[in-house]
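*Asks:* missing the sequence, but the structure's below:
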């Protein structure tokens, strides 16, 4: 059954014949394998062109910055899945990635759209400061968090965000999106009554959008980075399993407060 109207019946990503495999118009074996890094290949796949050295360095830095972040919910889900299904590495990776959303490692996309909205207002004639003020106020009026700002641990400033912005300046990448990110951070105390530091999820879209990476591909960056981290955790899980430890710890941390028959007492091992 056809769902929705789609007239497009073409793809520009890859094709092949008996002798040659083409990826984005380039001979995979003769032009890419052994000649470009995976970061360069990712940029090529997404955009259709190879990155400049500055673009490659910027994308590479964002991937390195967020590949690993400890026993966050996505990692716990992946490790517990592998403990329960040790034959399904792919299922465990998928379990970790499925948690990508507005709160955990999907917020780079939200921050990118937030910055793009500010830039759109500024392009329409408002000053950058007026556009920023208006968008931040609208976010708060709608009781939405300011995406890309604040961190439960790095309250005084996320060191990863600081380094990414430094690198954007070093490479000449920094432009209007980095300017917007810094301006939001500067205006937030006056608009919200408290400071919120730019975090890594805000720095990533700022530097990548300035580098020319497409807004539509932003969520793929943390997905790709965290996949590497998940694979590392799952290799370790097979060597030093803690998935069931995590599961048991969760059960111990949560108190049952539902109905119970008279005289019933939950086991300490439940």
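*Replies:* Alright, I've got the coordinates. All values reported here derive from a predicted model rather than from experimental measurement. Numbering: from 1, shown residues only.
*Asks:* low pLDDT regions in the stretch 101-250 of the chain?
*Replies:* Scanning the stretch 101-250 of the chain for pLDDT under 70 picks out the ranges 152-155.
*Asks:* now the helices for it?
*Replies:* Along the stretch 101-250 of the chain, the stretches classed as helices by DSSP state H, counting those that start in this stretch are 107-123, 128-141, 159-171, 176-192, 200-211, 220-239, 243-253.
*Asks:* Tell me which of those helices sits most buried.
*Replies:* Scoring these by mean neighbour count under mean count of other Cβ atoms under 10 Å gives helix 200-211 as the most buried, with a mean of 27. Where you see a C-beta, it was placed from the backbone N, CA and C, and this is true even at glycine.
*Asks:* centre of the chain versus that helix, how much separation?
*Replies:* Using Cα atoms, centre = their mean, to the nearest Å, the mean C-alpha position of helix 200-211 is found 10 Å from that of the whole chain.
*Asks:* name the helices or strands packed onto that helix?
*Replies:* Judged by 3 or more Cβ pairs under 8 Å, 6 or more residues apart in numbering; DSSP states H and E, the packing partners of helix 200-211 are helix 53-66, helix 107-123, helix 159-171, helix 176-192, helix 220-239.
*Asks:* how much space between the closest residue to residue 75 other than its chain neighbours and residue 100?
*Replies:* Closest residue to residue 75 apart from its sequence neighbours, by Cβ to Cβ, 6 or more residues apart in numbering: residue 233 at 5.2 Å. Taking Cβ to Cβ, to the nearest Å as the criterion, residue 233 is separated from residue 100 by 15 Å.
*Asks:* and the residue nearest to residue 164 when sequence neighbours are not counted, what does it touch?
*Replies:* Setting aside the residues directly before and after it, residue 164 is nearest to residue 203 in space (Cβ to Cβ, 6+ apart), at 4.3 Å. Residues touching residue 203, when contacts are defined by Cβ atoms under 8 Å, 6 or more residues apart in numbering, comprise 148, 158, 160, 161, 164, 165, 181.
*Asks:* picking that back up, to residue 69, which of the helices of the stretch 101-250 of the chain lies closest?
*Replies:* helix 220-239 (7.1 Å; Cβ to Cβ).
*Asks:* Can you list the neighbours in contact with that closest one?
*Replies:* 42, 46, 59, 62-69, 74-75, 78-79, 82-83, 86, 89, 92-93, 96-97, 100, 105-106, 108, 201, 204, 208, 213, 243.
*Asks:* Buried ones among those residues?
*Replies:* Buried residues within these, defined by neighbour count using 16 or more other Cβ atoms under 10 Å: 42, 46, 59, 62-63, 65-67, 69, 74-75, 78-79, 82-83, 89, 92-93, 96-97, 100, 105-106, 108, 201, 204, 208, 213, 243.
*Asks:* can you list the helices of the stretch 101-250 of the chain in CSV and add distance to residue 20?
*Replies:* Listed next are these as CSV, based on distance: least, Cβ to Cβ, whole Å:
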stretch, distance to residue 20
helix 107-123, 35
helix 128-141, 48
helix 159-171, 34
helix 176-192, 38
helix 200-211, 31
helix 220-239, 27
helix 243-253, 44
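*Asks:* What sits closest to the most centrally placed residue in the chain if chain neighbours are left out?
*Replies:* The centroid of the chain falls nearest to residue 222 when counting by Cα atoms, centre = their mean (2.9 Å). Among residues not flanking residue 222 along the chain, residue 105 sits closest, at 4.5 Å (Cβ to Cβ, 6+ apart).
*Asks:* Many thanks, we can stop here.
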